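Participant: Here is a sequence together with a model predicted from it:
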Number of protein chains: 2
Amino acid sequence: MPSDRARPVTLQAVAHELGVSAKTVSNAFSRPDQLSASLREQVLATARRLGYPGPNPLAAGLRRGRVGAIGVAYDNGLSYAFDDPVAVEFLAGASAVAEPAGAGLLLVPGSTDPRRRLAALSSAVVDGLVISSLSDDDPLLAAAIARGLPLVVVDQPRPDRLAALGAPGTPWVGVDDRAAAAAVAGHLLDLGHRRLAVVSFGMHHDPIAPGLVDEQAQAAATYAVTRDRMAGYRDAGVRAGLDWAGVPVFHGGDSTPEVGAAGAAAVLATDPTPTALLCLSDRLAEGALRAAADLGLRVPEDLSVAGFDDATPAAGLGLTTVRQPTRLKGRTAARDLLDRLAGRPVPGPRVLPTELVVRTSTGPAPVS
Amino acid sequence: MPSDRARPVTLQAVAHELGVSAKTVSNAFSRPDQLSASLREQVLATARRLGYPGPNPLAAGLRRGRVGAIGVAYDNGLSYAFDDPVAVEFLAGASAVAEPAGAGLLLVPGSTDPRRRLAALSSAVVDGLVISSLSDDDPLLAAAIARGLPLVVVDQPRPDRLAALGAPGTPWVGVDDRAAAAAVAGHLLDLGHRRLAVVSFGMHHDPIAPGLVDEQAQAAATYAVTRDRMAGYRDAGVRAGLDWAGVPVFHGGDSTPEVGAAGAAAVLATDPTPTALLCLSDRLAEGALRAAADLGLRVPEDLSVAGFDDATPAAGLGLTTVRQPTRLKGRTAARDLLDRLAGRPVPGPRVLPTELVVRTSTGPAPVS
DNA sequence: CCCGTCTTCTTCATCGATGAAGCACGCACG
DNA sequence: CGTGCGTGCTTCATCGATGAAGAAGACGGG
């Protein structure tokens, strides 16, 4: 039984054994056209015999300056990503492009310790980075820029913020969250709702206590997505003559049904009782629907609920929402990154289309 | 505007600029305790000034023999993985363990070209590998073993097969598929069903034409999971006195609702018409339910349908199934791999528990 | 018969860092 | 005052490969 810590067989060892140069062995594996077929066979046979596993990818990567992997870093780490259908969908899109190109996807670990979080990004062995959903003040972005690797930013921070950070022209992929949010809100207003409420996920990377937040706090969110969706709701509300200061806005932590349920309960406890809930994501809306059911409210007769994303459970729940092309977002981000890696030019910011999807969770405002 | 192809600033450059040794600069970043705080500050300041991004992870990895990432390779590649709730759940479990340990997850790309598929595995820059769901004859396993890295195998091939391939003692994580399958089949038999049918996903890595397969072909599946679940159903059937040769067994390609619907349609067209469908996965069962609805069959009055996995949509569909602890599987695989990397001993094969979950998609056999 | 061009293999330098060991100095202690 | 030891920094070798350039023989053309 071979030792677990056996010294690995190197390319040199194979070369020496066969009496050829190291470069020839290297070529046998990486550039078959550079040597005769017969010698190549001999080399491979010797390699097999010695148990040489082929060129060490790490060493080859160092020399070549390429490792064949792109890194994906998220605001809140992997574990969360796999529980969020939107994140999974994004990764599905990215992998659909990376895979045929032979590129691996390295999921960069997050951490509650800011230092380890940055260290993980700095030490990721990748050819390029996709950075997604960071708050405006997240130092992770600076760390990503510092790597000097090709970089694509998704959703947030916005391009203007990237320019301010000294990285203008960084490829960016996202949607017009503000307009999209205004569209859902407009839909509810068109249905006659005048007592709106909002259920939001986090506003800052470093969480603040969940609860109701005033207009000023809404505009101060350092997550641009949060900020812009709020602003979009407000745009539509103000356009319809609403006093936005009177609209209860709850913000919680993550984008989960639990937070959504808590948020819905909180805003439904305000007076006058809202007739329509604007949720910043479908998962929040999922929780809101649950809370409504718990309160004995009929949807949409007593309460309308709208989401955002059009993610996996939305259709099943009959949820009115705004579709954003999440998978396409992943594909586009990966494609742009691979293009940059290949030296191909990439266009400026990519704003992908959104679309209002009306289902059964919204209806005319109750006459009350 | 700096050139895109600027020669990167190296540790040497910083050292030279400040008139200290390269090792000192290295220490400033990686071993702060090895130099005075003041010098460290100077080094970091100089590094910042020169735009040095910190030690190149690739080079550091080569020297240290560690890169802080574990590879995950799948039978059918990434793109598929993200569309399969079971695979996502597995990854969620793995990342939940890897992340706190500061380890990244490298998703190894698949390919339809067998050569590129092997090359991708051979060139993955990782410290260890998790290999999941390979067929018994898949050369990917040999490639993984050849890497000489710590390795954990999930589900299939089975430990006995690993031993036969010269890698006995390889950590393995999975469930007793045969017993689990026998449990669901037993449940249906207990309900009085005597005309069973099976809807299966692929039997071999290189797909063969979908359709009905006889007993011999069932036992010859090179996917051990497929083979064992079939065998489990058969065990229960034979135990109840069924003539298994008369049971229609459909096998298709992937584990998708589409295949499930096609399979259900195929077996329901046989005579005598089955009263219960055993599906090898919940996704197949999802399709089977759809097909039943299309045929105007009531579930479970006219037709009982059972799945396998207890994955995401199962509860929502009221699907009777066998729960396997997929997330735990991911956690266990990652934990075992990290343990091996840390030099800690790992126990032998891990057989995780399964549990029959009876919901509303199964009921007593129709009297007819 | 000579020269240019291929093919096939070799030599040399290099990718960018870090472990191990070494050296010089300062300080405490007997 | 000599010895012993910890601190702080340096030197040296090395991790395992590949690009660029070069040399030796084969081969074909004029």
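Facilitator: It's in.

Participant: which residues of chain A score low on pLDDT?
Facilitator: By pLDDT under 70, the low-scoring segments of chain A are A:1-6, A:368.

Participant: Name the residues of it found near DNA strand C, please.
Facilitator: Where proximity means Cβ under 7 Å from any atom of the strand, the interface of chain A facing DNA strand C comprises A:19-24, A:27, A:34-36, A:39, A:59, A:62-63, A:65. C-beta here means a position set from N, CA and C on the backbone, and glycine is covered the same way.

Participant: Next up, phi/psi of the residue positioned nearest the centre of chain A, please.
Facilitator: Relative to the mean C-alpha position of chain A, the nearest C-alpha, by Cα atoms, centre = their mean, is the one of A:Ser132, at 4.5 Å. Note on A:Ser132: its backbone torsions stand at phi -130, psi 130 [degrees, to the nearest 10].

Participant: Dig out what the closest residue to it other than its chain neighbours forms beta bridges with.
Facilitator: Leaving out its chain neighbours, the residue that sits closest to A:Ser132 by Cβ to Cβ, 6 or more residues apart in numbering or on different chains is A:Val154, at 4.1 Å. In this structure, A:Val154 has beta-bridge partners A:Ser132, A:Val173, where bridges are defined by DSSP bridges.

Participant: So what's the residue count around whichever residue of the stretch 51-200 of chain A sits closest to DNA strand C?
Facilitator: Of the stretch 51-200 of chain A, the residue with the smallest distance to DNA strand C, taken as Cβ to the nearest atom of the strand, is A:Arg63 at 3.7 Å. When counting by other Cβ atoms under 10 Å in any protein chain shown, one arrives at 12 neighbours for A:Arg63.

Participant: From DNA strand D, how far off is it?
Facilitator: Between A:Arg63 and DNA strand D the distance is 4 Å, computed by Cβ to the nearest atom of the strand, to the nearest Å.

Participant: Three-state assignment for A:Phe29, please.
Facilitator: Under DSSP: H, G, I helix; E, B strand; the rest coil, A:Phe29 falls in the helix class.

Participant: That one touches A:Gly54, doesn't it?
Facilitator: Yes. Taking contacts as Cβ atoms under 8 Å, A:Phe29 lies within contact range of A:Gly54: 5.7 Å.

Participant: Check which helix or strand the residue of the stretch 51-200 of chain A closest to DNA strand C maps to.
Facilitator: Element membership for A:Arg63, per DSSP states H and E: helix A:57-64.

Participant: Okay, buried residues for that helix please.
Facilitator: Taking 16 or more other Cβ atoms under 10 Å in any protein chain shown as the neighbour-count basis, helix A:57-64 is seen to contain the buried residues A:Pro57, A:Leu58, A:Ala60, A:Gly61, A:Leu62.

Participant: what does stretch A:286-298 give?
Facilitator: For stretch A:286-298, the neighbour count (16+ other Cβ under 10 Å) marks A:Glu286, A:Gly287, A:Ala288, A:Leu289, A:Arg290, A:Ala291, A:Ala292, A:Leu297 as buried.

Participant: and what of stretch A:71-80?
Facilitator: Neighbour counts over stretch A:71-80 (16+ other Cβ under 10 Å) mark A:Gly71, A:Val72, A:Ala73, A:Tyr74, A:Asp75, A:Asn76, A:Gly77, A:Leu78, A:Ser79, A:Tyr80 as buried.

Participant: Name the nearest of those relative to chain B.
Facilitator: Distance to chain B across these (Cβ to the nearest Cβ) is lowest for A:Leu78, with 3.8 Å.

Participant: where along the stretch 101-250 of chain A do the strands fall?
Facilitator: With strands called from DSSP state E, counting those that start in this stretch, the stretch 101-250 of chain A shows them at A:104-107, A:128-132, A:151-154, A:172-175, A:196-200, A:211-212, A:249-251.

Participant: Pull the residues that contact the first one.
Facilitator: Judged by Cβ atoms under 8 Å, 6 or more residues apart in numbering or on different chains, the contacts made with strand A:104-107 from elsewhere in the structure are A:68-72, A:74, A:78, A:81, A:91, A:94-95, A:98, A:124-126, B:69, B:71, B:78, B:95, B:104-109, B:120, B:124.

Participant: Quick one: buried ones out of those?
Facilitator: Neighbour-count burial (16+ other Cβ under 10 Å) is assigned, among those, to A:68-72, A:74, A:78, A:81, A:91, A:94-95, A:98, A:124-126, B:69, B:71, B:78, B:95, B:104-109, B:120, B:124.

Participant: Among those residues, which lie within helices?
Facilitator: Counting by DSSP state H, the buried ones among the contacts of strand A:104-107 place A:Leu78, A:Ala81, A:Leu91, A:Ala94, A:Ser95, A:Ala98, B:Leu78, B:Ser95, B:Ala120 in helices.

Participant: From chain B, how far out is the fourth one?
Facilitator: When Cβ to the nearest Cβ, to the nearest Å is applied, the distance between A:Ala94 and chain B equals 9 Å.

Participant: That residue contacts A:Val130, doesn't it?
Facilitator: Yes. With contact defined as Cβ under 8 Å, A:Ala94 reaches A:Val130; the gap is 6.6 Å.
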